[in-house]
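> got a structure for you, letters missing:
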């Protein structure tokens, strides 16, 4: 007979890590994980294909291309990232390059350096990759030089 009983439901646990690239490991090439999760504590120089979650731990580095459903960065990612759902950049995370995401979360201290496009916004680009839909005027009507813009803060 138990004296104490826990009547509260158990909190949801973090998703299981199915594959781990350790901190002293360097991999050059291509990784395919399917829907299994991948945690990178070492270095990857190449391409990652995943329909699940990829996590780059503090001290982890990925240089190359990442195709994933969900990417969590607390380490460093450099290159091209195409994330169908969510890119999370935590406080120690650094992402540099061309990024296409479904959604983006950047915690205080996290860094995103480069070009970020929301997946459903890509259809609003012209052939040169510029946004369609007009532009902001650079000058007030009647200004002599429309290229000259003066701003006071």
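Noted; the coordinates are in hand. This structure is a prediction, so every number in the text was calculated from the model and none was measured.

> list the contacts for the nearest residue to residue 18 once chain neighbours are set aside?
Excluding its sequence neighbours, the residue lying closest to residue 18 (CB to CB, 6 or more residues apart in numbering) is residue 36, at 3.7 Å. Glycine gets a C-beta too; all of them are placed from N, C-alpha and C. By CB atoms under 8 Å, 6 or more residues apart in numbering, the contact list for residue 36 reads 18-19, 50, 52.

> can you turn the buried part of these into a ChimeraX selection?
A single ChimeraX command selects the buried members of those (16 or more other CB atoms under 10 Å):
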select :50,52
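
> picking up where we left off before, checking the residue nearest to residue 18 next. Helix, strand or coil?
Under DSSP: H, G, I helix; E, B strand; the rest coil, residue 36 falls in the coil class.

> now it: how far from residue 58?
22 Å (CB to CB, to the nearest Å).

> over to residue 28?
From residue 28 to residue 58 the distance is 22 Å (CB to CB).

> element containing residue 88?
Assessed by DSSP states H and E, residue 88 sits inside strand 76-89.

> repeat that for residue 39.
strand 38-40.

> just residue 117 next, same as before
Per DSSP H and E: strand 111-118 holds residue 117.

> just want the angle from the strand holding residue 88 to strand 111-118.
Angle, strand 76-89 to strand 111-118, by axes from the mean of the first three to the mean of the last three CA atoms, to 10 degrees: 60 degrees.

> list the buried residues of strand 76-89.
76-83, 86-89.

> quick one: the strands in the chain?
Counting by DSSP state E, the chain has strands at residues 19-21, 26-32, 38-40, 43-49, 53-56, 61-73, 76-89, 94-106, 111-118.

> deepest-packed of the ones you listed, please.
strand 53-56 (a mean of 25; mean count of other CB atoms under 10 Å).

> can you pull the poorly scored residue ranges out of this protein?
1-17, 121-153 (pLDDT under 70).

> try 90
1-21, 119-153 (pLDDT under 90).

> quick one: residue 58 from residue 39, how far?
For residue 58, the distance to residue 39 - CB to CB - is 11 Å.

> and residue 96, by the same measure?
Separation of residue 96 from residue 39 (CB to CB): 20 Å.

> give me the number of residues near residue 107?
The number of residues packed near residue 107 is 12, by other CB atoms under 10 Å.
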